[in-house]
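S.K.: Just need the structure, nothing else, for what follows:
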Amino acid sequence: MADTSTETAPSLPTGAFMPLVSLRKRWRLALIILAAVVVLGIPVAWLKGKATYSVTATLYVAPHFVGILKDSKELDFSSYQQFRQFVEHQALTVNRYDILVEALRRLGDRRHVWQKPKETERRAAERLQAALKIVAVENSYLITVTLESTDQDGLNDIVNMVLDTFLEKNRNADSFFASDQRVTTLRERRKSITDLIADKVARRNKIAEQLGVTSFSTQATNPYDELLLESQNALAKAQRDRIASESALFVLEDNNSKLRREAVDAAIHDTVQADPGLTSLKGSLYKRRSELLQQISGLEDRHPLAIQSREELKEIDGELDRMTAEVSADAINNLLERHRSNVRRDRQIEAELQRQLGALRQQSSVFAALFNEAVNLSDELERSRKTIEDIDNRIEFFDMESHAPGFLRVESYALPAELPIKGGRKKMLIMVLIAGLGLGAGVPIMLDMLDKSIKTPNQIIKIIGHPPLAGLLERTDDLSVRRVRADQLRRLAITLDRERLTHDNRVILVTSVKPGAGVTGLAFELGNELAEMGVRAVVVETNPFKPDVRYAGEGDQPGLLDLLVDTLDIGAAVAPASAGFPERMSVGFALNPHLFAYSRLRERLDEIKKRYDVVLLDAPPILLSGDTEYLAGISDISLVLIGARQVLPGELRRAAGIMQKVNPPVIGFIVTRLQIYQGGGYYAKQVEEYEAAEVQSREILKTHPLRHHPS
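M.R.: This next block holds a predicted model:
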């Protein structure tokens, strides 16, 4: 409960890696998988579980100087590398196609030891080529040739014939070492490519000189494209500047324009204020004017000095007006001339840019074609140089091979196969059984690990940030489990009664995140628990979405919806406690899945509160009904039930978000339908403790029978 501090029991640790719990819960699935794997695997093991035999022959590759692999002063490291390349080349040559075909032919009738009936010679040779394992043993002179098969008869004959055929063909050096004709052909090809490279380089240099570009690549940008783009941008800017200057000149030349008057007045004001001559004249005239005004102060109007001073004042004012008019006229002329100059300049710039852009467009197509040609030439030159490099490597390899420092002989022929190296039906059957056990145990565990639904109270803490109010075990016939659940219900009822006595919280909403969490059953159980504690409680069904038949009273007893449309007495709609059910009120006959007349509903609930200490509202799931949001707002306590293994984390977050938006006075989350498995954690231990206490209680009663009294 969000506003009350309650002790929450440790969580049931299921939903993660608990193999015993998963296997006990899904033991049927584990047995089915085990049986299926065994039934399907036995035929496969019988058919594929044949023993595999292996034979191995060894070739000796001798260098001209045996000390090549040791600290020899006669040859340097490069000679050793040359020898190793020769050994690896021989190892790759042993299972050459023509050698294997010749070996099968020399076997005569014995070839059918390997070649299957109706199998072509080519297919048999290719299959033998894939089966032979030829390894040049590191830091030695040896090459091992190994053949594995489920048929042990004749394997050694096949390997030995292959080695004999290989050695016979190896005696003809021309079949292995590079001939002069092959090297001559490669060198002629190299010369033709070199001449072609020279021509392409000359052509690319000519294009570079013509275009003034030093490098060409597919990643490089055509310089003319960038120049053309810059010219287009410059022309667009020049056009905007020309339009702006023409518009400004048009405004100044339009005598009827209000904008012209404002611009002219501003220019005249700035010029008059900034003109140094006019400013100096104003200073001297204002000083003389001040002196004249001082002279005539106190004189009569007919006084000669006063008359003379006033005449001089008029001359000063006239001079100021004349000078101001001259400066204003000059300001207007200068402003017009400056804007006309700007228009002429912008037009000239625009015309020049248009001319340049036209010239660039004429050149761009030719330049682009030449630039692309040069890029293609660069790519072709790169490929040609790579080809020359490959030809040089090939010529060097042939030269090294023709002067290979060594010769071949058989170190040891293959012996007949006697014992299998791997396989067998017994081993395959054991592997099938192990696979069945692994899948039978792994699939149930994996299913539980992949199950994202909420199973434990600890998961709720991680999602909503605080522990649930209570965790209720799944209903069962086990007496110990029922007692644990009864204790959990009693603790929850005591908590709700404490809320009633402490904060007068009497209207309790019972809802859930999704259907199937046991809302109605819990409401009835809480009603019975509160009644046993001496608290008058009534359970009111507010779920027209899916009415429950357990609320039905005798005959056509009215329900909550009837109280909303009629002035019936509250007692007429309440069914008395009977058959394990508390006092309860059904929702009544519902024409639609929603409540109505919310204001009338609130009045009726207030009337019910006057008759009962606690009112339990059985509401539909919060994610399915908008009525539950309203009921949470008018309830004192909201209990949201979370069915274990039913609700996903996202659904709980959405339900918590809805309740947070409603912001009920008190809210508590309750986990229901918690399952008990042996070794399943806290609740399993609690059940065991109850069972131990029951045994101990019986022993005490046997010893002290007089203390026995009915519970």
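S.K.: counting contacts, what elements does the host helix or strand of Leu313 pack onto?
M.R.: Using DSSP states H and E, Leu313 sits in helix 304-402. On a contact count with 3 or more CB pairs under 8 Å, 6 or more residues apart in numbering; DSSP states H and E, helix 304-402 meets helix 77-93, helix 180-211, helix 223-253, helix 258-274, helix 276-296. Placement of C-beta: from N, CA and C, glycine included.
S.K.: gap between it and the chain center?
M.R.: 49 Å (CA atoms, centre = their mean, to the nearest Å).
S.K.: I'd like to check the angle between that helix and helix 223-253, please.
M.R.: Relative orientation of helix 304-402 and helix 223-253, computed by axes from the mean of the first three to the mean of the last three CA atoms, to 10 degrees: 170 degrees.
S.K.: quick one: helix 304-402 to helix 180-211, angle?
M.R.: 170 degrees.
S.K.: Not counting its own residues, what contacts the helix or strand following helix 304-402?
M.R.: Where DSSP H and E defines the elements, the next helix or strand beyond helix 304-402 is strand 406-412. Under the criterion CB atoms under 8 Å, 6 or more residues apart in numbering, residues 57-64, 83, 86-87, 90, 142, 163, 167, 170 lie in contact with strand 406-412.
S.K.: Check these and tell me the two furthest apart.
M.R.: Largest separation among the contacts of strand 406-412 by CB to CB: Ala57 and His64, giving 24.0 Å.
S.K.: show me what contacts Thr52?
M.R.: Shown in contact with Thr52 (CB under 8 Å, 6+ apart): 148-150, 420-423.
S.K.: separation between it and Lys116?
M.R.: Per CB to CB, to the nearest Å, Thr52 is found 17 Å from Lys116.
S.K.: one step back: neighbour count for Ala57 and His64, which is higher?
M.R.: Ala57 (21 against 12; other CB atoms under 10 Å).
S.K.: For the helix or strand hosting the more buried one, output the C-alpha coordinates as CSV.
M.R.: Per DSSP H and E, Ala57 falls inside strand 53-63. This file holds the C-alpha atoms of strand 53-63, laid out as CSV (Å, rounded to 0.1, in the frame of the first residue of the first chain):
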residue,chain,number,x,y,z
TYR,A,53,38.5,-47.2,-39.7
SER,A,54,41.6,-45.3,-40.7
VAL,A,55,44.9,-46.1,-42.5
THR,A,56,47.9,-43.8,-42.9
ALA,A,57,51.0,-43.8,-45.2
THR,A,58,54.0,-41.5,-45.0
LEU,A,59,56.0,-39.8,-47.7
TYR,A,60,59.6,-38.6,-47.1
VAL,A,61,60.6,-35.3,-48.8
ALA,A,62,64.4,-35.2,-48.7
PRO,A,63,66.3,-31.9,-49.2
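S.K.: buried set for it?
M.R.: Of the residues in strand 53-63, 53-59, 61, 63 count as buried by neighbour count, 16 or more other CB atoms under 10 Å.
S.K.: which of the residues you listed lies closest to Asp556?
M.R.: For these, the nearest to Asp556 is Tyr53 (89.7 Å; CB to CB).
S.K.: can you list contacts of the strand holding Ala57?
M.R.: 69, 83, 86-87, 90, 94, 141-152, 155-156, 159-160, 163, 405-417, 419-421.
S.K.: Asn393: neighbour count?
M.R.: By other CB under 10 Å, neighbour count at Asn393 equals 10.
S.K.: What's the separation between the closest residue to Ala577 other than its chain neighbours and Ala590?
M.R.: Using CB to CB, 6 or more residues apart in numbering and skipping the chain neighbours, the partner closest in space to Ala577 is Glu583 (5.1 Å). Per CB to CB, Glu583 is found 21 Å from Ala590.
S.K.: show me what contacts Lys661?
M.R.: Applying CB under 8 Å, 6+ apart to Lys661 gives the contacts Glu629.
S.K.: tell me which element it is part of?
M.R.: Going by DSSP H and E, Lys661 is in helix 649-662.
S.K.: Which is the succeeding secondary structure element to that helix?
M.R.: Reading on from helix 649-662 to the C-terminus, the next helix or strand found by DSSP H and E is strand 666-674.
S.K.: Run through the neighbouring helices and strands of that next one.
M.R.: Using 3+ CB pairs under 8 Å, 6+ apart: strand 666-674 touches helix 457-464, strand 470-473, helix 479-503, strand 637-643.
S.K.: who touches Glu311 in this structure?
M.R.: Contacts of Glu311 by CB under 8 Å, 6+ apart: none found.
S.K.: returning to that earlier point: give me the sheet partners of the strand holding Ala57 and which way each runs.
M.R.: Partner strands for strand 53-63, per DSSP bridges, with pairing direction: strand 142-149 (antiparallel), strand 406-412 (antiparallel).
S.K.: Which residues are in contact with Gln239?
M.R.: Applying CB under 8 Å, 6+ apart, the residues contacting Gln239 are Glu350.
S.K.: Show the pLDDT at it.
M.R.: In the prediction, the pLDDT value recorded for Gln239 is 81.
S.K.: where's it relative to Ser341, distance?
M.R.: Counting by CB to CB, the gap from Gln239 to Ser341 is 18 Å.
S.K.: What does the pLDDT read for Asp98?
M.R.: 91.
S.K.: wait, what's in contact with it?
M.R.: Per CB under 8 Å, 6+ apart, neighbours of Asp98: Lys169.
S.K.: A strand includes it, no?
M.R.: No. Remark: Asp98 does not belong to a strand; assigned using DSSP: H, G, I helix; E, B strand; the rest coil, it is helix.
S.K.: Renumber starting at 14 from here on
M.R.: Got it, first residue is 14 now, which makes that one Asp111.
S.K.: Okay, domains of this protein per the record?
M.R.: Structural domains annotated on the chain: 32-63+436-463, 66-190+417-425, 236-414, 470-692, as defined by automatic domain parsing.
S.K.: Could you single out the most deeply buried of the ones you listed?
M.R.: domain 470-692 (a mean of 19; mean count of other CB atoms under 10 Å).
S.K.: which one among the buried residues of strand 66-76 gets closest to Val660?
M.R.: Using CB to CB, the buried residues of strand 66-76 come closest to Val660 at Ser67, 59.6 Å.
S.K.: if I look at the closest one, how far off is Met444?
M.R.: Distance from Ser67 to Met444, by CB to CB: 20 Å.
S.K.: Please tell me how far Ala342 sits from Arg335.
M.R.: Ala342 is 11 Å from Arg335, by CB to CB.
S.K.: same thing with Arg97?
M.R.: Distance from Arg97 to Arg335, by CB to CB: 112 Å.
S.K.: now Ala588
M.R.: Distance, Ala588 to Arg335, using CB to CB: 112 Å.
S.K.: Same check on Ile443?
M.R.: Distance from Ile443 to Arg335, by CB to CB: 125 Å.
S.K.: any idea how far Arg136 is from the residue nearest to Ala590?
M.R.: With CB to CB as the criterion, Glu596 and Arg136 are 89 Å apart.
S.K.: again, but for Glu239
M.R.: 62 Å.
S.K.: Equivalent analysis for Glu115, please.
M.R.: Where Arg136 is concerned, Glu115 sits at a distance of 16 Å (CB to CB).
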